[in-house]
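Undergrad: just a sequence and a predicted model for now, questions to come.
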Amino acid sequence: MQIIGFVVLGLAAGVLAGLAGIGGGIIIVPLLVFVFGFTQHMAQGTSLAVLIPPVGLLAMLKYYKAGEVNLKAAALIAAGLLLGSVFGAKFALDLPQATLKKVFGVILLLASLRYLLVK
């Protein structure tokens, strides 16, 4: 039954990724922790594994065909993401579970407030 749950989670994250440009961090990680019982570290590591291309390729192509992708910006962000994710993963793995959950929660809260309070 857990297999079906993972597929449904992926489907929901995929729909939200295509709809709102969100996915792993905001959808997959909390559900892996609270629904599937993963540790915060395991959830974050699993979410990062999901990001391995070509997961977003087909959705990105839809946006690209609509003229809504800046390839130069995407390439530069990807380069920074590649390097930054290595340092971020090292830092996260050195944190205790409780601290990592709080850091994650603060990031989600700040992102939520930003979207709710900005016109």
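TA: Structure's in. What do you need?
Undergrad: which one's the longest helix in this structure?
TA: Taking DSSP state H as the criterion, the chain has its longest helix at helix 71-94.
Undergrad: contact partners of that helix?
TA: For helix 71-94, the external contacting residues (Cβ atoms under 8 Å, 6 or more residues apart in numbering) are H41, Q44, G45, L48, Y64, L100. From N, CA and C alone the C-beta is placed, and that goes for glycine too.
Undergrad: who wins for neighbours among those residues?
TA: Among those, the one with the most neighbours (other Cβ atoms under 10 Å) is Q44, at 23 neighbours.
Undergrad: which residues touch that one?
TA: Contacts of Q44 by Cβ under 8 Å, 6+ apart are V29, A92, L100, F104.
Undergrad: right, and the last one touches Q40 too?
TA: Yes. With contact defined as Cβ atoms under 8 Å, F104 counts as touching Q40 (6.7 Å).
Undergrad: which of these two has more residues huddled nearby?
TA: Per other Cβ under 10 Å, whichever of F104 and Q40 has more neighbours is Q40, with 23 against 19.
Undergrad: state the pLDDT value of the more buried one.
TA: At Q40, the model reports a pLDDT of 91.
Undergrad: okay then, goodbye and thanks.
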